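**Student:** predicted model and sequence below, questions to follow.
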Amino acid sequence: MVCKSPLIAILFSTTTAFAVMPSTRGDLPSTILDASAACSVKHHGAVGDGQADDTAAIQKAVKAGAGAVYFPKGTYRIIRAIVVDLNAHGRTSLVGTGTASIIMAGAGPAFHFIGTHEGTGDPDSVRDEVWERQRMPLVSGLEIRGAHPEAVGLRLEKTMQAILTNLLIRRCKIGVHLVQRNRNLIIDHCHIYHNTHVGVDFDHVNLHQAIIADSHISYNSIAGIRLLGGEMRNFQIVGNDIEYNHDVEHEGSADILIDMRPDGSSFREGTIVGNTIQARPSPNGANIRFLGGKSLKVGGLLTITGNLIGSQTHNIHLADCRGVTISGNSIYSAAEHSLWLENCANIVAGNNSIDWNPDHKKKRLVDGIVIDRCSGVTLSSTIIENSFKGTSQAGGAIDVKASQDVAIVSCQVLDFRFRGITLTDAVRCRVTGCSVIERREVAKVGASIQVRGGSDNLIAGNILNKGGLSITNGTAIVRGNLEITSGE
């Protein structure tokens, strides 16, 4: 059946709502911008009352091949996936004005976009059929709501230049599920909210050039954004509110999780910039967690800059990865670690503030930095105040363990509970130009700087509490430090 609806004129914009003029005929609005013929799902028999099964009608509207499939105001219940076979149906968009809800009452994705793109982002690798029939599938202006434990909002497979915008996806198992190969994805101005597992899931996908921007991705129990396995390149997470992606009953939840541990996986060239990322402490939970792979070769080249990151068990956790820069962030209220580095190389962390909320009547969370089995780390121009990290026996606000070539430079470690900076079995590490002081009237007993084991370390040019050095003989060269009385 050919859809004979009047022209739709929905003006899509990533910064404004739809501009719509009064309706001229039937269900479809007309607008200032007259772009293409649109096919209303109601013209194919969809009821939109939330009770009828509209699956067949919506699938019929997609197969009609009109291009833009329009959802008027209503609640459309479906019980199986609407398959959008881009090569068969041609370029396809699913559009609404924010007034339509799709209820997925079955298992699997509400909408499954399937393309045939096997190339890269290089234009010369894109076949003519992709450009002519499949490029830039668009989903905009809809709510997708799960009503089945295995419901998924959207699944994208072998697509090229997909754009997901102005969407609300909630109460699904997974909000947006990407599989196999996809290229040049944009997700913006979306609410991906309160899903039972993952908000946006890159599931063993080969994907280059992905942007997630200006969206709310919150209250997803296992992860807000998860990159699990596959080959990931050129990834940007910019300007989002990513909050409360946690579950107090689940181990290892995260607001942003990059997990490249599966065999054959790799990650390069990622950006996490200008987001608000916060949750609540959960079992081994993290705001940002990056798990690399074997031999430090599969996880690297990531920038974490200008974010507000707080209120989890671990604020930033990096393991088995390299080439990460962490700069200009406000980091706060970690139940265990503000920054936790395990078996990492070539990490730069600088110009960060590590703090806690002074509106709280009493500080309870730990806050602290651990650098464990790492090589080539620079920690600079960072302030950490009132850290509870460590115990009466060992550890401190900044704790370096079994690592080499670590430089702690121009940092301020203030009012620590146990110790300021500790080096244990460290080689060729240096602590220079730092203020490591207890300023309260009754100073704590712990050392400002402690070195135990290791060799060829340098402790120089620091401001410390009087008697604040605890250095095992032969482990470090000590020179030019200024010792002051507490409170001076």
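**Tutor:** Perfect, I can see it now.
**Student:** excluding its backbone neighbours, what's nearest Lys466?
**Tutor:** In space, and not counting its chain neighbours, Lys466 is closest to Glu483: 4.6 Å by Cβ to Cβ, 6 or more residues apart in numbering. For the C-beta atoms, the positions are set from N, CA and C on the backbone; glycine is no exception.
**Student:** so that neighbour sits in a strand?
**Tutor:** Yes: secondary structure of Glu483 (DSSP: H, G, I helix; E, B strand; the rest coil): part of a strand.
**Student:** bridged to it, which residues?
**Tutor:** Leu464 (DSSP bridges).
**Student:** which ones are touching it?
**Tutor:** Leu464, Asn465, Lys466, Gly467, Gly468, Leu469 (Cβ atoms under 8 Å, 6 or more residues apart in numbering).
**Student:** just the strands in the stretch 51-200 of the chain please.
**Tutor:** Taking DSSP state E, counting those that start in this stretch as the test, the strands found in the stretch 51-200 of the chain are 68-70, 74-78, 82-85, 93-104, 108-114, 138-146, 151-157, 163-165, 168-170, 174-188, 191-193, 198-213.
**Student:** export those strands to CSV and tack on mean pLDDT?
**Tutor:** Listed next are these as CSV, based on pLDDT from 0 to 100:
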stretch, mean pLDDT
strand 68-70, 94
strand 74-78, 98
strand 82-85, 96
strand 93-104, 96
strand 108-114, 97
strand 138-146, 97
strand 151-157, 97
strand 163-165, 97
strand 168-170, 98
strand 174-188, 95
strand 191-193, 97
strand 198-213, 95
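**Student:** got CSV for these, with distance to Gln236 too?
**Tutor:** Listed next are the strands of the stretch 51-200 of the chain as CSV, based on distance: least, Cβ to Cβ, whole Å:
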stretch, distance to Gln236
strand 68-70, 28
strand 74-78, 32
strand 82-85, 26
strand 93-104, 23
strand 108-114, 21
strand 138-146, 19
strand 151-157, 17
strand 163-165, 15
strand 168-170, 20
strand 174-188, 10
strand 191-193, 16
strand 198-213, 5
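**Student:** reformat those strands as CSV; add distance to Ser353 and mean neighbour count.
**Tutor:** Output for the strands of the stretch 51-200 of the chain, formatted as CSV (distance: least, Cβ to Cβ, whole Å; neighbours: other Cβ atoms under 10 Å):
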stretch, distance to Ser353, mean neighbour count
strand 68-70, 48, 26
strand 74-78, 47, 23
strand 82-85, 46, 21
strand 93-104, 38, 22
strand 108-114, 42, 23
strand 138-146, 38, 23
strand 151-157, 36, 26
strand 163-165, 34, 22
strand 168-170, 34, 23
strand 174-188, 29, 24
strand 191-193, 29, 23
strand 198-213, 25, 23
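**Student:** picking up where we left off before, and the gap between the residue nearest to Lys466 and Ser448?
**Tutor:** Here Glu483 is placed at a distance of 8 Å from Ser448 (Cβ to Cβ, to the nearest Å).
**Student:** what is in contact with those two at once?
**Tutor:** Common neighbours of Glu483 and Ser448 (Cβ under 8 Å, 6+ apart) are Leu464, Asn465, Gly468, Leu469.
**Student:** so how many other residues sit close to the first one?
**Tutor:** For Leu464, the neighbour count with other Cβ atoms under 10 Å is 22.
**Student:** with adjacent residues omitted, what lies nearest to Val324?
**Tutor:** Closest to Val324 by Cβ to Cβ, 6+ apart is Leu302, at 4.7 Å.
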